[in-house]
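Undergrad: Turn this into a model:
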Amino acid sequence: MEILNIPTLILQIINFVIFVIIAYYLFYKPFKDITQARQNTIKENLSKAEEIRKEIEQIRLDLESKLNKINEEREKILSEAVKEAENIKNYIIEEAQNKSNEIKNKALKEIEYAKKQALNEIKDTYINVITELAKGVLKDVVDENVNNKIIKTASEKLKNLDN
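TA: Model prediction:
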């Protein structure tokens, strides 16, 4: 077996410590700095992403609010348009009914007028026929002045019967 050599062991320990210190400064510290910078970049990116997500959420809420307002306005406009159309429809129906009533009343007045005219013509014809008949009958029985007076009185009474 070999005996451990203390000076060699101390030199190996010193070499190992120097190697660890050199490795620390050459490899570990730059790796640690790079990973720390990478972690900081990731944290910043996550923070920015969260801010952007919040902004997008706020924009989405604003857009939904605007869309709701637009829908409410659309419903209001449609409701007003329906009411206006209903009012116009009612106005047109009312005007048509008024016009119809005017035409009906005018036609009834014309019919009544034509009826009165026809009755007056029938009455005048009737009076003339009776007058001629009375003239013929009374001509032989009564004198001409009395005959004219009777015919005149009878004609006036017949004309006044309708009034």
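Undergrad: can you give me the helices in this structure?
TA: Counting by DSSP state H, the chain forms helices over residues 6-23, 29-141, 144-161, given from the N-terminal end onward.
Undergrad: Determine the set of other helices and strands touching the second one.
TA: Meaning helix 29-141. Taking 3 or more Cβ pairs under 8 Å, 6 or more residues apart in numbering; DSSP states H and E as the contact definition, the neighbouring helices and strands of helix 29-141 are helix 144-161. (Glycine included, C-beta is placed from N, CA and C.)
Undergrad: what's the angle from the helix it packs on to helix 29-141?
TA: Regarding helix 144-161 and helix 29-141, their directions subtend 160 degrees when assessed with axes from the mean of the first three to the mean of the last three Cα atoms, to 10 degrees.
Undergrad: returning to what we had before: now, of the helices of the chain, which is deepest in the fold?
TA: A comparison of these by mean neighbour count, using mean count of other Cβ atoms under 10 Å, puts helix 144-161 on top with a mean of 12.
Undergrad: Need the CA coordinates for that one. PDB is fine.
TA: Coordinates of the C-alpha atoms in helix 144-161 are reproduced here as PDB (Å, rounded to 0.1, in the frame of the first residue of the first chain):
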ATOM      1  CA  GLU A 144    -165.300  78.400 -65.600                       C
ATOM      2  CA  ASN A 145    -164.400  80.900 -62.800                       C
ATOM      3  CA  VAL A 146    -165.500  78.600 -60.100                       C
ATOM      4  CA  ASN A 147    -163.900  75.700 -61.900                       C
ATOM      5  CA  ASN A 148    -160.500  77.600 -62.100                       C
ATOM      6  CA  LYS A 149    -160.800  78.500 -58.400                       C
ATOM      7  CA  ILE A 150    -161.500  74.900 -57.300                       C
ATOM      8  CA  ILE A 151    -158.600  73.600 -59.500                       C
ATOM      9  CA  LYS A 152    -156.300  76.300 -58.100                       C
ATOM     10  CA  THR A 153    -157.300  75.500 -54.500                       C
ATOM     11  CA  ALA A 154    -157.000  71.800 -55.000                       C
ATOM     12  CA  SER A 155    -153.600  72.200 -56.700                       C
ATOM     13  CA  GLU A 156    -152.300  74.300 -53.800                       C
ATOM     14  CA  LYS A 157    -153.500  71.800 -51.200                       C
ATOM     15  CA  LEU A 158    -152.000  68.900 -53.100                       C
ATOM     16  CA  LYS A 159    -148.700  70.700 -53.400                       C
ATOM     17  CA  ASN A 160    -148.800  71.500 -49.600                       C
ATOM     18  CA  LEU A 161    -149.500  67.900 -48.700                       C
END
